[in-house]
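>>> Next one to model:
(one chain, ligands or ions: 2)
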Amino acid sequence: MAKLSPSLLSANFAELKSEIEKLEKGGADYLHLDVMDGNYVPNISFGTPIIKSIKKITTLPLDVHLMIDKPERYIKDFVDAGADIITVHGEATIHLHRVIQLIKSFGVKAGVSLNPSTNLNSLEYVIDDLDLILIMSVNPGFGGQSFIPAIKNKIKLTRELIDEKSLNIILEVDGGVKLDNVKEIVDLGADLIVVGSDIFKDSNLELRTSQFKTIISN
Ligand SMILES: O=C(CO)[C@H](O)[C@H](O)COP(=O)(O)O
Ligand SMILES: [Co+2]
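Ligands and ions are numbered 1, 2, ... in the order given. Okay, the predicted model is just below:
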């Protein structure tokens with residue numbers, strides 16, 4: 001059964017506590033936290049102080065998606081802030097193997113994210129060490145973009161690779177997921193679904209979250 005990780009990127013940050021409560025009531029399984037540095041991606045979002053505050057008001061696991069250059073510089077800070085999963089971009093570091101080991105040395109789950117144009121083969125020599133693979137289905141940096149259709153095949157191939165090797169890896173899909181395409185994405189083999197704008201565009205966050213949960217649980 002697939003799980004839901006709402007992205008707070010599209011939340012109203014002045015109402016963060018009540019918005020998180022609504023996501024929890026709607027059945028969210030994780031919270032997806034998009035950290036952007038204005039360098040690896042063109043946008044700036046938020047960092048450790050916000051994550052530390054969120055950790056105090058929720059029991060949901062924090063799924064931290066680092067869209068930052070040289071993420072090795074900040075892994076300990078995100079662990080200390082309360083991250084349960086830390087996902088780095090394979091394209092953002094020269095020493096991907098070392099970063100994965102660093103994340104795992106803190107007892108935190110390690111993920112690698114791939115941009116739409118990055119080949120799955122780039123994970124060949126690290127895949128056995130991963131807890132999660134995040135397939136980007138939009139170019140990272142902004143919420144509210146459209147799902148790139150070519151990524152459907154990448155999701156399918158990633159699922160096949162994980163299953164062929166009998167690996168215990170969560171397959172997460174992030175970007176452009178909406179009520180009308182989420183079923184297809186789950187059927188392609190995704191385990192963890194990120195949804196940002198298509199939840200927060202609805203004034204009833206709890207209902208919208210539960211609608212996604214109903215679809216992905218069936
Ligand atoms: O990593 C991201 C963007 O880089 C976000 O997690 C993602 O875009 C979610 O937002 P939406 O569902 O609106 O596409
Ligand atoms: Co994300």
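
>>> And the strands in this structure, which stretches?
Per DSSP state E, the chain has strands spanning 3-6, 31-36, 62-67, 85-89, 109-114, 132-136, 170-174, 192-195. These are given in chain order.

>>> Turn those into TSV, including mean pLDDT.
Rendered in TSV, the data for the strands of the chain read as follows (pLDDT from 0 to 100):
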stretch	mean pLDDT
strand 3-6	98
strand 31-36	99
strand 62-67	99
strand 85-89	99
strand 109-114	98
strand 132-136	98
strand 170-174	98
strand 192-195	98
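
>>> will you turn those strands into a markdown table that also has mean neighbour count and distance to ligand 1?
Bear in mind the C-beta positions are built from the backbone N, C-alpha and C, glycine included. Listed next are the strands of the chain as a markdown table, based on neighbours: other CB atoms under 10 Å; distance: least, CB to the nearest ligand atom, whole Å:
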| stretch | mean neighbour count | distance to ligand 1 |
| --- | --- | --- |
| strand 3-6 | 26 | 9 |
| strand 31-36 | 24 | 5 |
| strand 62-67 | 26 | 5 |
| strand 85-89 | 27 | 9 |
| strand 109-114 | 22 | 8 |
| strand 132-136 | 25 | 7 |
| strand 170-174 | 25 | 5 |
| strand 192-195 | 25 | 5 |
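
>>> how about these in JSON lines, adding distance to ligand 2?
What follows is those, written out as JSON lines (distance: least, CB to the ion, whole Å):
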{"stretch": "strand 3-6", "distance to ligand 2": "9"}
{"stretch": "strand 31-36", "distance to ligand 2": "4"}
{"stretch": "strand 62-67", "distance to ligand 2": "4"}
{"stretch": "strand 85-89", "distance to ligand 2": "8"}
{"stretch": "strand 109-114", "distance to ligand 2": "8"}
{"stretch": "strand 132-136", "distance to ligand 2": "7"}
{"stretch": "strand 170-174", "distance to ligand 2": "4"}
{"stretch": "strand 192-195", "distance to ligand 2": "6"}
